[in-house]
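[1] Structure for the following, please:
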Amino acid sequence: MRKWRSAAVTAAWVAMGTAAGALGAWQLATSDSGNAAHSRPLDEGAVERALAATSASASPSASPSPSSARPEPATERSTLRFTGGTATVECRKDGTVYLVSWSPSDGFHIDDDVERGPGRVARLEAEPSDDDDDGRDDLPYEIRCGEGGRPGARVVADD
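    You can find the predicted model right below:
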């Protein structure tokens, strides 16, 4: 009797797992009105036709009033790569720099005393990880916005 009960419980669990898997596969296949599983990338002609259809169906509107016009962005955001990591940097119209975020490369970490700005100079230090015993020095960086709002980083003397 115990053998039958154990076999029945096992069969029930297998049936429930199979049903759950089938339900998940069906959900994926029919998501997004059934198009997600079978969609294909559009070629250039198809993109142009879709854009033309969208712009033709859009209702014409009056020219935007000055209050609804989108203001020109006050910053230019870009990613700066340097030995030891990367940083997302904003170069602002007034010439100041602001570190939005930073991330170390493998084998490095960024020291906690980051000077993110805004200011004429932002500072951070990429340090080799503790488990890295190849004798590499810390890399203190100054980040500034140069000509055309492009950021640049240079290694400076360690204090």
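[2] use CA for all of it now, contacts and neighbours both
    Noted.
[3] Check the offset of the helix ranked longest in the chain from the chain's centre.
    If each helix of the chain is counted by residues according to DSSP state H, the longest one is helix 2-30. With CA atoms, centre = their mean, to the nearest Å as the basis, helix 2-30 stands 38 Å off its chain's centre.
[4] Please work out the average pLDDT along it.
    The average of the pLDDT scores along helix 2-30 is 82.
[5] can you check stretch 128-147 too?
    Confidence over stretch 128-147, taken as the mean pLDDT, stands at 80.
[6] what sits up against that stretch?
    Judged by CA atoms under 8 Å, 6 or more residues apart in numbering, the contacts made with stretch 128-147 from elsewhere in the structure are 84, 91, 95-97, 107-109, 120-127, 151-158.
[7] What's the first helix or strand after the longest helix of the chain?
    Helices and strands here follow DSSP states H and E; after helix 2-30, the next one along the chain is helix 44-57.
[8] residues in contact with that following helix?
    Counting by CA under 8 Å, 6+ apart, helix 44-57 has no neighbours from elsewhere in the structure.
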